[in-house]
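> show me the folded form of this:
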Amino acid sequence: HFTNQREEFEGTRESILVWLTEMDLQLTNVEHFSESDADDKMRQLNGFQQEITLNTNKIDQLIVFGEQLIQKSEPLDAMLIEDELEELHRYCQEVFGRVSRFHRRLTSHAPGLEEEKEASENETDMEDPREIQADSWRKRRASEEPSSPQSLCHLVPPTPGPERSGCETPVSVDSIPLEWDHTGDVGGSSSHEDDEEGPYYSA
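Now for the predicted structure:
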């Protein structure tokens, strides 16, 4: 029975990785090689965001499933599963982050200021959202708190205006900007930071 669960976990993880790879390639094509106009690119980008929304629950369930397998596994297997979950998490962050940044560029009506705007946003908000979110995820793993179904909602980067991607929950809508503000000084891990994060990640 455990072997079947492990095979199911691996199969689902592989299918999500394939989906992420395909989206990554399509995004690269739209962003750098497509001759489509901005409106057409925006339509394609909205399609990517819909796919992310549809797959977020599937990714959440896989994370919870993986956490359960870790509890049942021998130490070496548990470490392997944890590494696989972290690899999936990093890839999600990379692809979802690219979608979010491309969305910001397309919604900017001053193409010459795109890079400057993006740089200023990064300076005011954080050094790297993927690193910060990955750190907070590792902290949750280290504290061995039980996973909740919304464990990966904060993976989906917020988008400007009403068109937010991902789960419409307090975690995805509210806690990310707060978390980024608290860690904006890039002071590393601290008890204060852990205290601030506590309410958002406790089950």
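> which parts of the chain are helices?
2-28, 38-72, 75-107, 114-125, 129-143, 170, 176-182, 191-201 (DSSP state H).
> now the third one: mean pLDDT?
This predicted structure assigns helix 75-107 an average pLDDT of 95.
> one more: the first one?
Along helix 2-28, the predicted confidence averages to a pLDDT of 95.
> what comes up buried for that helix?
Buried residues in helix 2-28, counting neighbours by 16 or more other CB atoms under 10 Å, are found at 6, 9, 12, 13, 16, 19, 20, 23, 27. Yep, even glycine has a C-beta here, placed from its N, CA and C like the rest.
> check the longest one too.
By neighbour count, with 16+ other CB under 10 Å as the criterion, the buried positions of helix 38-72 are 41-42, 44-45, 48-49, 51-52, 55-56, 59-60, 62-67, 69-70.
> number of nearby residues for residue 75?
8 (other CB atoms under 10 Å).
> that one and residue 67, how far apart?
Computed as CB to CB, to the nearest Å, the residue 75 to residue 67 distance reads 15 Å.
> do residue 44 as well
34 Å.
> test my guess that residue 38 contacts residue 107.
No: taking contacts as CB atoms under 8 Å, residue 38 lies outside contact range of residue 107: 9.5 Å.
> on that earlier part again, reformat the buried residues of helix 2-28 as TSV; add distance to residue 91.
Below are the buried residues of helix 2-28 laid out as TSV (distance: CB to CB, whole Å):
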residue	distance to residue 91
6	20
9	16
12	14
13	10
16	9
19	10
20	5
23	10
27	13
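> looking at these, which one is closest to residue 84?
The closest of these to residue 84 turns out to be residue 13 (CB to CB; 6.1 Å).
> how about the contacts made by that closest one?
Residues counted as contacts of residue 13 (CB atoms under 8 Å, 6 or more residues apart in numbering) are 62, 66, 84, 88.
> make it 10 Å
59, 62, 63, 65, 66, 81, 84, 85, 87, 88 (CB atoms under 10 Å, 6 or more residues apart in numbering).
> dump the residue contacts of the second one.
By CB under 10 Å, 6+ apart, the residues touching residue 62 are 8, 9, 12, 13, 15, 16, 55, 84, 85, 88, 152.
> widest-spaced pair of those residues?
8 and 152 (18.2 Å).
> could you report the separation of the residue nearest to residue 84 when sequence neighbours are not counted from residue 88?
Residue nearest to residue 84 in three dimensions, not counting chain neighbours: residue 13, with 6.1 Å by CB to CB, 6 or more residues apart in numbering. Here the criterion is CB to CB. By it, residue 13 lies 6 Å from residue 88.
> give me the common contacts of the two.
59, 62, 63, 66.
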